[in-house]
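Engineer: any chance you can model this:
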Amino acid sequence: MSREMKDSGVEWIGEIPEEWKIRRLKALLIERNQKNDDLKTKFILSLGVNYGVVPYSEKEGGGNKAKENLQDYKVAYPGDIVMNSMNIISGSVGISHYMGCVSPVYYMFYPRNNDVNVNYYHFLFQTKAFQRSLVGLGNGILIKENEKGNFNTVRMRIPVNRLNALFLPVPNLEEQNRISTFLTDKCLKIENIIKDTEKSIEKYKKLKLALITKSVTKGIRKNRKFKDSGYDFIGLIPEEWEICKVRHIGRLQNGISKGAEYFGKGYPFVSYGDVYRNYSLPRQVEGLIDSTEKEQEIYSVKKGDVFFTRTSETIEEVGFSSVCEKDILNATFAGFLIRLRPFEQEKIDTEFLKYYFRSEHQRFYLVKEMNLVTRASLGQPLLKGMPVLIPPKVEQEEIAKYLNKKCNIIDKVIQKKEEMIQEISEYKKSLIYEYVTGKREVPKS
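Structural biologist: This next block holds a predicted model:
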């Protein structure tokens, strides 16, 4: 039997069951704004879009370093809803299962009374509809919605007073409990499928990396003689290959550095992300910078250039490379990058370098040699000393052609799995929305 519905009066919520109510967030949840000034806890917690609230030591994907002065942190308790005020719109929300200290940019909320199931509202805050409702509430950052309906944003802080004023649906406690129990079970099954798929993707990425590393250090020809490279992490190399250092093959140049007011308008700008995410630079980069003709000459982006990520909060993100396969007119590149421009491009195949500088032995060299102080940084002296294997030009082209074919197959498999994860994630959000707004009812046991 279908239930009677009514208009909630809130656009993103839509219709709700007749017996449900609408209340402001502050009537349901209280912000826990407790400072850690007496060092109540030294157990640091972290929050991410993909992994919820976890001990800082277990966080994924790097990120900002923890502050040394823990008195600047806030305290979170088990059962608190934790939100990142800068990334709520991207889904950075989770429930803490620990007592610990968290970044000052986090908000913690706990139930105002016994009629509130905190897990129900945790699910509500994960819906895309709720996240969309936050657009316009942040302070001064442009939000772009991509073709899949997700938000690409830099950092956008949502003030807590604006969160407190938001209207939320309020089922009775019994129904909150039923919805929470049902969604916990359903979402656990979905998340296990996603985790298994992610593990499969990682295996394919490792296979691709191993294939690249073997090809650019041993070649792809059979029945050949080898010689000692002189480097333990490289080992034997084909006898006719040369070995030199980066300083011998090209000139290095750090990127442009300008104030924030110069960005978002003007001419093409190659960003840190353009290099970190791609083996080859996009033909059309999204970044813009107000640059002069002189700057465009000094920091130009030409075919054959190789760019390296120069600095980051974590060592895992430094030293990634991307090649330029076609001139980008009037472009400049970021100060967080280093450009390698080969002296004699006719002796080096750009496609070969695309793979060579992404190989596992290069990562090993950089991680081993790099010093991590407050930020990981790749300086020109270190990069100049990095060994480079140079096969004959014709063999470089052979290797590049071989890897293009093999890596394309692997990349297509990875892409399909990533699309599956995206579809499952969208289904999860849609499922949550249908139940937390009462459009679908959890049967009473």
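
Engineer: quick one: the strands in the stretch 201-350 of the chain, in order.
Structural biologist: Assigned by DSSP state E, counting those that start in this stretch, the strands in the stretch 201-350 of the chain fall at 226-228, 236-238, 242-245, 250-254, 263-270, 287-289, 306-309, 311-312, 321-323, 332-333, 337-342.

Engineer: who wins for proximity to Ile421 among those?
Structural biologist: strand 321-323 (24.3 Å; Cβ to Cβ). (Glycine included, C-beta is placed from N, CA and C.)

Engineer: low-confidence stretches in the stretch 51-200 of the chain?
Structural biologist: 51, 60-68, 139-156 (pLDDT under 70).

Engineer: mind listing the strands in it by residue range?
Structural biologist: 52-55, 74-76, 81-84, 93-95, 100-102, 106-111, 144-145, 151-152, 167-170.

Engineer: so what does the first one touch, helix or strand wise?
Structural biologist: Packing partners of strand 52-55 (3 or more Cβ pairs under 8 Å, 6 or more residues apart in numbering; DSSP states H and E): strand 45-48, strand 93-95.

Engineer: who does it pair up with?
Structural biologist: strand 45-48 (antiparallel) (DSSP bridges).

Engineer: restricting to C-alpha, output the strand it pairs with in PDB.
Structural biologist: The C-alpha coordinates for strand 45-48 follow below in PDB (Å, rounded to 0.1, in the frame of the first residue of the first chain):
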ATOM      1  CA  LEU A  45      42.100  11.500  12.900                       C
ATOM      2  CA  SER A  46      41.600  12.300   9.200                       C
ATOM      3  CA  LEU A  47      38.600  12.500   7.000                       C
ATOM      4  CA  GLY A  48      38.300  11.800   3.200                       C
END
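
Engineer: what about it, average pLDDT?
Structural biologist: Strand 45-48 shows a mean pLDDT of 84.

Engineer: what lies in contact with it?
Structural biologist: Residues outside strand 45-48 that contact it (Cβ atoms under 8 Å, 6 or more residues apart in numbering) are 53-56, 58-61, 63, 76, 82-84, 92-94, 96, 98, 100-103, 106.

Engineer: same check, this time on stretch 322-334
Structural biologist: 255-256, 267-272, 274-276, 278-281, 283, 285, 287, 289, 291, 295-296, 299-307, 339, 350-351, 353-354, 357.

Engineer: cool, and stretch 188-199?
Structural biologist: Lys417, Met420, Ile421, Ile424, Ser425, Tyr427, Lys428.

Engineer: could you dump the residues you listed to TSV with pLDDT?
Structural biologist: Shown next, in TSV, are those (pLDDT from 0 to 100):
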residue	pLDDT
Lys417	98
Met420	97
Ile421	95
Ile424	95
Ser425	91
Tyr427	94
Lys428	93
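
Engineer: in helices only, show me these.
Structural biologist: Within the contacts of stretch 188-199, residues falling in helices by DSSP state H are Lys417, Met420, Ile421, Ile424, Ser425, Tyr427, Lys428.

Engineer: so what's the last one up against?
Structural biologist: The contact partners of Lys428, by Cβ under 8 Å, 6+ apart, come to Cys187, Ile190, Glu191.

Engineer: helices - which of the residues you listed land there?
Structural biologist: Cys187, Ile190, Glu191.

Engineer: hmm, which of these are the buried ones?
Structural biologist: Cys187, Ile190 (16 or more other Cβ atoms under 10 Å).

Engineer: tell me the most packed of the contacts of stretch 188-199, by neighbour count.
Structural biologist: Lys428 (20 neighbours; other Cβ atoms under 10 Å).

Engineer: any idea how far it is from Lys186?
Structural biologist: Distance, Lys428 to Lys186, by Cβ to Cβ, to the nearest Å: 8 Å.

Engineer: still on that earlier bit, now mean pLDDT and distance to Glu4 too, for the strands of the stretch 201-350 of the chain, in CSV please.
Structural biologist: Converted to CSV, these look like this (pLDDT from 0 to 100; distance: least, Cβ to Cβ, whole Å):
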stretch, mean pLDDT, distance to Glu4
strand 226-228, 95, 79
strand 236-238, 96, 76
strand 242-245, 94, 76
strand 250-254, 95, 66
strand 263-270, 94, 50
strand 287-289, 94, 52
strand 306-309, 94, 57
strand 311-312, 71, 55
strand 321-323, 95, 57
strand 332-333, 97, 60
strand 337-342, 95, 60
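
Engineer: that's all I had, so thanks and see you.
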